[in-house]
Every structure is written in structure tokens, then in C-alpha cells.
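>>> 3D, please:
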Amino acid sequence: MTLALRLFERRKRRNRYSLKKHANGRPRLSVFRSGKHIYAQVINDVDGRTVAAASSIDKALQGKLEKGSNKDAAAEVGKLIAERAVGVGVVDVIFDRGGYIYHGRIKALADAARDAGLSF
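Numbering: from 1, shown residues only. Model prediction:
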């Protein structure tokens, strides 16, 4: 395992530990960023179930996006995950950025999800 990967995993573990302490039963909006796409899930940790999911490879976003790896794609995924979560009755979540810095695509997704109705 490379040093960068070990540091990423350490940041992710530290972030998740803090989230669990402050969640108070709220579902977690988890984000994964790859080189080509971005993915988001609303996870209920009490039941261990995914409540809603969206990604830049989702069929609902196929015609809208040029690339799945830019801020515009992240914003669209944020809107879509918020729509799906609110549709299932989840409004209040806790944001799990994983080991990523809150900047760029992660920030765009979070801002779009807030604008579309999620509260965190």
C-alpha cells in the first residue's frame, strides 16, 4: 500500500469516527470520487441499508453530462441524490466526505444537494 493511500484511509477512518459520534441516528450522505465519475449514497447506518443512490453514470443523467468527472457532473449528482432522498422521506443527513478534501467536486455535490432540499 502506498503512502498516499495509507494517509487517505487514515483520513477516511478519522472522519467516519467523528461522524458516528455526531450523527445521532441521522443517515449519512457518503461520497466516492473516481477519476472518471462521482457517486453518492444516503446510508442508514442503524439498519445498514442504502436509502438512496445516484452517480454520474446514472441513466437519468446520461444525456445531460459531457463528462462524469467535473464540477457540473457533481452538481447534477447532488441534485439527483437530494431528489431521491427527499422522495423517500430523508431530509436531515450528515455529510461524509470520506478522505477527500471539501473542495472542488465534493463541494459542488454538497452545495447542490443542500440547494435541492437536503439539510446538513
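>>> output the host helix or strand of Gly87 as CSV, nothing but the C-alphas.
In this assignment (DSSP states H and E), Gly87 forms part of helix 71-88. What follows is helix 71-88, C-alpha atoms only, in CSV (Å, rounded to 0.1, in the frame of the first residue of the first chain):
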residue,chain,number,x,y,z
LYS,A,71,-18.0,20.0,-11.1
ASP,A,72,-21.0,20.2,-13.4
ALA,A,73,-21.5,16.4,-13.1
ALA,A,74,-21.0,16.6,-9.4
ALA,A,75,-23.7,19.3,-9.1
GLU,A,76,-26.1,17.2,-11.1
VAL,A,77,-25.4,14.1,-9.0
GLY,A,78,-26.0,16.3,-5.9
LYS,A,79,-29.4,17.4,-7.2
LEU,A,80,-30.4,13.9,-8.1
ILE,A,81,-29.4,12.3,-4.7
ALA,A,82,-31.3,15.1,-2.9
GLU,A,83,-34.4,14.4,-5.0
ARG,A,84,-34.3,10.7,-4.4
ALA,A,85,-33.6,11.1,-0.6
VAL,A,86,-36.4,13.6,-0.1
GLY,A,87,-38.7,11.3,-2.2
VAL,A,88,-38.0,8.6,0.4
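>>> give me the contact list for the helix or strand following that helix.
Counting by DSSP H and E, the next helix or strand C-terminal to helix 71-88 is strand 94-96. Contact with strand 94-96 is made by 15-16, 19, 22-23, 26-31, 110, 120, as judged by C-beta atoms under 8 Å, 6 or more residues apart in numbering. C-beta coordinates here come from the backbone N, C-alpha and C atoms, glycine included.
>>> change it to 6 Å
Here strand 94-96 makes contact (C-beta atoms under 6 Å, 6 or more residues apart in numbering) with Leu19, Ala23, Arg26, Arg28, Leu29, Ser30, Ala110, Phe120.
>>> likewise stretch 78-93?
Here stretch 78-93 has contacts from 26-27, 29, 40, 42, 51-52, 54, 109, 112-113, 116-120, using C-beta under 6 Å, 6+ apart.
>>> swap the cut-off to 8 Å and go again
With C-beta under 8 Å, 6+ apart, stretch 78-93 has contacts from 26-29, 40-42, 51-54, 58, 60-61, 108-120.
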